[in-house]
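Asker: My questions concern the predicted model and sequence given below.
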Amino acid sequence: ARIRHYKWEVKYEYRSPDCYKKLVITINGRTPGPTIFAQQNDTVIVEVKNNLLTENTAIHWHGIRQIGTPWFDGTEGVTQCPVLPGDTFVYKFVVDRPGTYLYHAHYGMQREAGLYGSIRVALPDGQSEPFAYDYDRSIILNDWYHKSTYEQAAGLSSTDFQWVGEPQSLLIHGKGRLNCSTANSPLKADVCNNTNPECSLYSMTVVPGKTYRLRIGSLTALSALSFQIEGHNMTVVEADGHYVEPFVVKNLFIYSGETYSVLVKTDKDPSRNYWATTNVVSRNSTTPPGLAIFNYYPNHPRRSPPTFPPPGPLWNDVDSRFNQSLAIKARKGHIHSPPATSDRVIVLLNTQNEVNGTRRWSVNDVSFNLPHTPYLIALKENLLHTFSQTPPPEGYDFANYNISIEQEDNNGTTSDAIYRLQFDSTVDIILQNANSMVAEVSETHPWHLHGHDFWVLGYGRGKFDRINDPKKYNLVDPIMKNTVPVHPYGWTALRFKADNPGVWAFHCHIESHFFMGMRVTFEEGIERVGKLPSSIMGCGETKHFREP
Ligand code: C2O
Ligand code: CU
């Protein structure tokens, strides 16, 4: 195994990813940031210099389990103090599984300012994947807002609640093209300029007659997406670093925090280019589709395809999204069987609440607040007074709560309490969706677990039945993932082993929902965590532990 050493400078720069000029966060001048390339069991070292001038940061390595290094998970408030402006923080961790992963800022709503990228972990030399391809490419999909994350965060947390609204555009690998002249109010050329070469569409050049492995990750702030390549089928072979029993799609549904590998054959008419598009699903969005060019060599990479971009699926076609979720199974010959039973079941009802005049997202009517001292340090150094010791609820009022309607009483509370799990125990999580505070609206929430992969035991519609639904769990070939959607008015059941000593976030990956409290925290095996590096300290009550 090798060491992969990266030196990153993180700073704000003016950029026009969709032709609209705004401040974005770059890594070494780029957004998306550089791709981390490594092989299984390599050690990755990233020296992050925070040059954001007036803003803290922290970077999370999404999908990397951090076995033995829980302090380098990069989750501000949970595993470390924020990295102050001018400081350099060194992350060092082992990438122990091959696959497609992501990284992104994990401080406030900073991710959507552009601090993100992908991690590609290859198999060791001499080993091969259970599928064949000629070329390997990565792209990241996201959505894009023109307001700063500060404006958004302030609006979300004020009593005069300001929702962030729908994003202005969708980006494919950091590029989009807003139409500056038909935007709601025409934009001045110094703010939005369609002839700026910076916002020419992303073009992926492919050689005809080959098979491409396309690694697709989504880091949207809000949107659930459908991705397609005009006229081409895609065979899904990997999800969140695990091999999938192959299945074919025309549209790939992908939620924030998920990654997929698909195989695409370049076997269409090679005399032209094709569209690659993203469309918002699950919300009745005003955001125009994302566009990129699937460029058959030797056609010019900027040449527009001779066709209109294909339309996406209907935004409210929940069935198709459920069906894709159900189609994802572990690949034969690569099945890791889950334990047959669990030791504990935690039900998380996804609720929207009113707390002290502010709008919040919650589970079981409790919205999460970060304490002053990061949990990993507080628990390891026995500073239990730094957060609430009243355990959070493990369920809701099953008998009386109607998930299909708005509640008469939307009042909720906030808490910084965490779930403490027995080390090495098996835990089931039931994500239960419900109606939000708006009539006839139930949103899609992609939940992401740090430090683990979980088995996806099942998805269902309506209210989870604690007697009968577990009998239908897939214990034969469930896929393992780190991010999974809970569909509108539905439920999703997960199982994981609490076998990774540390403190781990579990949250909705929608940036505004996360910011509004849609998150919980798990601790397991804190007594097995090694000596904490002093670099993660410096805030709250940890100051005393920082060595010179
Ligand atoms: Cu990709 Cu805690 O997030
Ligand atoms: Cu959410």
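Answerer: Yes, it's here. Keep in mind that what you see is a predicted model, and the values were worked out from it rather than measured. Ligands and ions are numbered 1, 2, ... in the order given.
Asker: can you give me how far stretch 59-74 is from the chain middle?
Answerer: Put simply, stretch 59-74 sits 14 Å off its chain's centre (CA atoms, centre = their mean, to the nearest Å).
Asker: Same question for stretch 473-487.
Answerer: 16 Å.
Asker: Spell out which residues of this structure are next to ligand 2.
Answerer: Taking CB under 5 Å from the ion, the part of the chain that reaches ligand 2 is made up of 445, 508, 510, 513. No exception for glycine: its C-beta is placed from N, CA and C like everyone else's.
Asker: who touches the third one in this structure?
Answerer: Going by CB atoms under 8 Å, 6 or more residues apart in numbering, residue 510 touches 220-222, 256, 445-446, 518.
Asker: possible to save those residues as CSV with pLDDT?
Answerer: What follows is these, written out as CSV (pLDDT from 0 to 100):
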residue, pLDDT
220, 98
221, 98
222, 98
256, 98
445, 98
446, 98
518, 98
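Asker: Can I get the buried ones among those as something I can paste into PyMOL?
Answerer: Listed next is the PyMOL selection for buried residues among the contacts of residue 510, using 16 or more other CB atoms under 10 Å:
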select buried, resi 220+221+222+256+445+446+518
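Asker: Can you flag which of the contacts of residue 510 belong to strands?
Answerer: Within the contacts of residue 510, residues falling in strands by DSSP state E are 445-446.
Asker: of the contacts of residue 510, closest to residue 277?
Answerer: residue 220 (14.6 Å; CB to CB).
Asker: Tell me which residues touch that closest one, please.
Answerer: 141-143, 167, 255-256, 510.
Asker: can you list the residues you listed in a markdown table and add secondary structure?
Answerer: Output for the contacts of residue 220, formatted as a markdown table (DSSP: H, G, I helix; E, B strand; the rest coil):
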| residue | secondary structure |
| --- | --- |
| 141 | strand |
| 142 | strand |
| 143 | strand |
| 167 | coil |
| 255 | coil |
| 256 | coil |
| 510 | coil |
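Asker: Adding distance to residue 228, write those residues out as TSV.
Answerer: Shown next, in TSV, are those (distance: CB to CB, whole Å):
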residue	distance to residue 228
141	12
142	17
143	17
167	19
255	16
256	18
510	22
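Asker: Just name the closest of those residues to ligand 1, please.
Answerer: The closest of the contacts of residue 220 to ligand 1 turns out to be residue 256 (CB to the nearest ligand atom; 7.9 Å).
Asker: Hmm, the closest one is touching residue 217, no?
Answerer: No. Counting by CB atoms under 8 Å, residue 217 is not a contact partner of residue 256; they are 9.5 Å apart.
Asker: show me what contacts whichever residue of the stretch 101-250 of the chain sits closest to ligand 2?
Answerer: Nearest residue of the stretch 101-250 of the chain to ligand 2 (CB to the ion) works out as residue 222 at 8.8 Å. Residue 222 makes contact with 143, 164, 166-167, 256, 283, 510-512, according to CB under 8 Å, 6+ apart.
Asker: likewise residue 51?
Answerer: 9-11, 85-86.
Asker: Need the buried ones from those selected in ChimeraX.
Answerer: Selection of buried members from those for ChimeraX, criterion 16+ other CB under 10 Å:
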select :10,11
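Asker: Can I get the contacts of residue 51 in TSV including pLDDT?
Answerer: Below are the contacts of residue 51 laid out as TSV (pLDDT from 0 to 100):
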residue	pLDDT
9	98
10	98
11	98
85	98
86	97
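Asker: quick check, nearest of the contacts of residue 51 to residue 101?
Answerer: Nearest to residue 101 among the contacts of residue 51, with distances taken as CB to CB, is residue 10, at 19.0 Å.
Asker: For ligand 2, see how far away that closest one is.
Answerer: Separation of residue 10 from ligand 2 (CB to the ion, to the nearest Å): 26 Å.
Asker: Following the chain onward from the helix or strand containing that residue, which element is next?
Answerer: Residue 10 is part of strand 3-15 when elements are defined by DSSP states H and E. Next helix or strand after strand 3-15 toward the C-terminus (DSSP H and E): strand 22-27.
Asker: How about the residues of this structure by ligand 1?
Answerer: 60, 62, 75, 104, 106, 257, 448, 450, 505, 507, 509 (CB under 6 Å from any ligand atom).
Asker: where in the stretch 151-300 of the chain is pLDDT low?
Answerer: 183-185 (pLDDT under 70).
Asker: count of residues packed around residue 469?
Answerer: 17 (other CB atoms under 10 Å).
Asker: swap in residue 271?
Answerer: Residue 271: 9 neighbours (other CB under 10 Å).
Asker: What of residue 439?
Answerer: Residue 439: 8 neighbours (other CB under 10 Å).
Asker: Surely it touches residue 404?
Answerer: No. Using CB under 8 Å, residue 439 makes no contact with residue 404, being 11.0 Å away.
Asker: still on that earlier bit, which one of the contacts of residue 51 is nearest to residue 487?
Answerer: residue 10 (35.4 Å).
Asker: List the residues that contact that closest one.
Answerer: With contact set as CB under 8 Å, 6+ apart, residue 10 has these partners: 25-27, 48-52, 57, 115.
Asker: Now do the helices in the protein.
Answerer: 149-157, 318-327, 375-380, 511-515 (DSSP state H).
Asker: Output the longest one as CSV - backbone C-alpha positions only.
Answerer: Taking only C-alpha atoms (Å, rounded to 0.1, in the frame of the first residue of the first chain), the coordinates of helix 318-327 have been written out as CSV:
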residue,chain,number,x,y,z
VAL,A,318,-42.9,8.0,-7.1
ASP,A,319,-43.4,4.4,-8.3
SER,A,320,-40.4,4.5,-10.6
ARG,A,321,-38.2,5.7,-7.8
PHE,A,322,-39.4,3.1,-5.4
ASN,A,323,-38.8,0.5,-8.1
GLN,A,324,-35.2,1.5,-8.7
SER,A,325,-34.6,1.4,-4.9
LEU,A,326,-36.1,-2.2,-4.8
ALA,A,327,-34.0,-3.2,-7.8
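Asker: Tell me the buried residues in it?
Answerer: 318, 321-322, 324-325.
Asker: Same check on stretch 439-451?
Answerer: For stretch 439-451, by 16+ other CB under 10 Å, it's 442-451.
Asker: again with stretch 82-91
Answerer: Buried residues in stretch 82-91 (16+ other CB under 10 Å): 82-83, 89, 91.
Asker: For the residue of the stretch 201-350 of the chain found nearest ligand 2, give me its contacts.
Answerer: Per CB to the ion, residue 350 is where the stretch 201-350 of the chain lies closest to ligand 2, at 7.0 Å. Contact analysis of residue 350 by CB under 8 Å, 6+ apart lists 361-363, 431-434, 445, 486, 508, 518.
Asker: Spatially nearest residue to it (excluding sequence neighbours)?
Answerer: Of all residues not flanking residue 350 in the chain, residue 433 sits nearest, at 5.2 Å (CB to CB, 6 or more residues apart in numbering).
Asker: Tell me if I'm right that the one you found and residue 447 touch.
Answerer: No. In this structure residue 433 lies outside contact range of residue 447 using CB under 8 Å: 10.6 Å.
Asker: between the two, what contacts are shared?
Answerer: Common neighbours of residue 433 and residue 447 (CB under 8 Å, 6+ apart) are residue 486.
Asker: one step back: for the contacts of residue 510, which one is nearest residue 159?
Answerer: Ranked by distance to residue 159 (CB to CB), those are led by residue 518 at 19.2 Å.
Asker: List the residues that contact that closest one.
Answerer: 350, 361-363, 367-368, 445, 507-508, 510.
Asker: What of residue 213?
Answerer: So residue 213 contacts 131, 133, 135-137, 237, 261-263 (CB under 8 Å, 6+ apart).
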